[in-house]
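Enquirer: pasting the structure only:
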């Protein structure tokens, strides 16, 4: 009965979201205010019903209801209760339910904060969100029903994928989906604005926080997934340029471009077309990422589905959403265009250059991700595009963005003189050159190490410069920009150190044997068999020695999951502020000998901290009050003077 209740809740949610989508057609009968109030209540119903469906599926997992096909395929009676709950999003059907519920949560947030928009715009925006939600609910009910029955019910389940049995499973997917789905809000805003053909004067002040929250959540999801892969897969890597990883990076890069264009538009009133187009692109890339993961077009440890029919549905949704919105953009572009009035050297030009670089980087990643898939689909060839390509192309492409990131916050609007800008940046430039010189000396002529240090120090100094020059705008939002830019510098410095000094070694080790890894000696003390819940295996005890003194004890495991007949290496890591010591077990070479993967990774924790600082900066930058409501007044989309361009927003514009 619980499964049927969840299924019925999804049907009711579909009806409510369809009603929301169609309400603008009845606004002449009901009135705009009444229609918007109905949509607000409808969004609450969709969210409540979606949460009820999630709760029903969680209950089926907790009580081991193996008559539900999804539970039988992804759980087991010996699976820990925490992993049973997280198994809700452990495969395609449940993760699509999470997708829909997250979208319903965003839609509910928009309904709650819709007061900052004109009624006409809010009504159409809620209609677009309702239409997207209805499409996804229809997809879930017709082809991805997590409540489908399996009769007769098996005595036990097939167990959750061994690689997903990690605490990261509880946090990474919800954070990633929250960011993915969050870009539906700026997309809905862009479509609603083009539908009306006009924009309210406070539109950016309302829109910018939603972009920032989605971008920050997606960044958090990316770093949680990266650290999870680092801890679980046993390779010691943290980013593999896998197509599914790229699928999450694409909207993050376009969202970054969008934020820079919004910062410029907030001050000048220009670039409305660029903002609307990037809003469409960010959500479009989120849908493309969904297609990559669920179409069966790739084989990956991250991919969910292998059913091409589901991919066709998602492809149709992409065509409808992107095709329709781009057609509307082409039809209404003339209403939002205006001449650009700024000098070649100005804060506007620097922000636009950075937005262009991030957009080109996203296009580069998209091409390298989709091109091999297209060749394979047409039976032309099987090729792979790996880390060497991405590192060779994106490194030189993104380096100028880091330099411009330091210039833009210190530049002037409309026009600025190069000598005055150079004078303000002289200490940052001197520190960067000095850091590069020291890096060349310490790195024995490694040019890439020196270049990375130059970029990292430049990013850190320019991010902090407004503080010591006392030119920092007031408000928490300005601190968000500083935190995000400082995070970029920390990330670059940590990554440069890691790439230049990490040590990786694979060696057979017997009990009592010692191996040198970086500055440490690792001694295999013992091997012991163990049993735990739904798996058994062998656990090693490895002592980390620094100049002969033990400083840590690691316990990597080789686990055998009986139900799945799958062997998984479970690494163990000794982490400090300065380095990670990483140990993973390979194959057994004898009763007391195992192949071991040993790694020394300096500054690894600062890679995570740098990326987390970027996301934290996004949240801080979004921390501002929405403008006062303007229920019916719509602005003619011409160039606004600076005084009318939302002062609270422009204070923290980079």
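Expert: Perfect, thanks for sending it. Computed from a predicted model, the values in this text were never measured in an experiment. Numbering: from 1, shown residues only.
Enquirer: When you work out contacts or count neighbours from here on, use the C-alpha atoms and nothing else.
Expert: Will do.
Enquirer: Could you give the number of residues near residue 7?
Expert: 23 (other CA atoms under 10 Å).
Enquirer: residues near the residue nearest to it when sequence neighbours are not counted, how many?
Expert: Nearest non-adjacent residue to residue 7, counting by CA to CA, 6 or more residues apart in numbering: residue 147, 6.2 Å away. Residues contacting residue 147 under the criterion other CA under 10 Å number 25.
Enquirer: repeat for the one 5 residues further on
Expert: Using other CA under 10 Å, residue 152 has 8 neighbouring residues.
Enquirer: Quick one: residues contacting it.
Expert: Going by CA atoms under 8 Å, 6 or more residues apart in numbering, residue 152 touches residue 67.
Enquirer: For residue 94, see how far away it is.
Expert: Going from residue 152 to residue 94 by CA to CA, to the nearest Å gives 22 Å.
Enquirer: again, but for residue 442
Expert: Residue 442 is 51 Å from residue 94, by CA to CA.
Enquirer: Over to residue 355?
Expert: 36 Å.
Enquirer: again with residue 15
Expert: Distance of residue 15 to residue 94, given as CA to CA: 20 Å.
Enquirer: So if I had to pick from the two, which one is more boxed in?
Expert: Counted by other CA under 10 Å, residue 15 and residue 94 do not tie: residue 94 has more neighbours, with 24 against 17.
Enquirer: What pLDDT is listed against residue 374?
Expert: Per-residue pLDDT puts residue 374 at 84.
Enquirer: Surely residue 237 is within a strand?
Expert: No - looking at residue 237 with DSSP: H, G, I helix; E, B strand; the rest coil, it is coil, so not inside a strand.
Enquirer: ok, it touching residue 228?
Expert: No - using CA atoms under 8 Å, residue 237 is not in contact with residue 228, being 10.3 Å away.
Enquirer: OK, contacts around residue 121?
Expert: 189, 192, 193, 196.
Enquirer: So which of those residues are in helices?
Expert: 189, 192, 193, 196 (DSSP state H).
Enquirer: which of the contacts of residue 121 lies closest to residue 498?
Expert: residue 189 (41.4 Å; CA to CA).
Enquirer: what's the neighbour count on the residue nearest to the closest one when sequence neighbours are not counted?
Expert: Leaving aside its chain neighbours, residue 189 sits nearest to residue 125 (5.5 Å; criterion: CA to CA, 6+ apart). Using other CA under 10 Å, residue 125 is surrounded by 29 other residues.
Enquirer: Equivalent analysis for the one 4 residues further on, please.
Expert: Other residues within reach of residue 129, judged by other CA under 10 Å, total 26.
Enquirer: can you check the one 4 residues further on too?
Expert: Residue 133 has 27 neighbours, counted by other CA under 10 Å.
Enquirer: Specify the local secondary structure of residue 147.
Expert: Using three-state DSSP, the structure places residue 147 in coil.
Enquirer: try residue 536
Expert: Relying on three-state DSSP, one would call residue 536 strand.
Enquirer: Looks like it contacts residue 565 (just checking).
Expert: No - counting by CA under 8 Å, residue 536 stays clear of residue 565, with 11.2 Å between them.
Enquirer: Would you mind telling me which of the two has more residues around it?
Expert: For the pair residue 536 and residue 565, the greater number of neighbours falls to residue 536 (17 against 9), based on other CA under 10 Å.
Enquirer: List the beta-bridge partners for the more buried one.
Expert: Beta-bridge partners recorded for residue 536 (DSSP bridges): residue 531, residue 560.
Enquirer: would you list every one of the helices in the stretch 251-400 of the chain?
Expert: 272-294, 308-336, 347-377, 387-407 (DSSP state H, counting those that start in this stretch).
Enquirer: ranking these by burial, who's on top?
Expert: Most buried of the helices of the stretch 251-400 of the chain, by mean neighbour count (mean count of other CA atoms under 10 Å): helix 272-294, with a mean of 24.
Enquirer: What helices and strands are in contact with it?
Expert: helix 172-182, helix 184-196, helix 243-268, helix 308-336 (3 or more CA pairs under 8 Å, 6 or more residues apart in numbering; DSSP states H and E).
Enquirer: Distance from that helix to the middle of the chain?
Expert: Centroid separation between helix 272-294 and its chain, computed with CA atoms, centre = their mean, to the nearest Å, is 13 Å.
Enquirer: do stretch 465-481 as well
Expert: In terms of CA atoms, centre = their mean, the centre of stretch 465-481 is set 26 Å apart from its chain centre.
Enquirer: Could you give me the buried positions within it?
Expert: Applying a neighbour-count criterion of 16 or more other CA atoms under 10 Å, one finds 465, 472, 476, 477, 478, 479, 480, 481 buried in stretch 465-481.
Enquirer: Ok, stretch 561-571 next?
Expert: Neighbour-count burial for stretch 561-571, with 16+ other CA under 10 Å as criterion, is recorded at 561, 568, 569, 570, 571.
Enquirer: Surely the fourth one is in contact with residue 555?
Expert: Going back to what we said before, that points to residue 570. No - using CA under 8 Å, residue 570 is not in contact with residue 555, being 9.0 Å away.
Enquirer: So what touches stretch 405-419?
Expert: So stretch 405-419 is contacted by 341-348, 350-351, 354, 421, 424, 458-459, 462-463, 466, 485, 653-654 (CA under 8 Å, 6+ apart).
Enquirer: what about that stretch, start to end distance?
Expert: Length of stretch 405-419, first residue to last, CA to CA: 18 Å.
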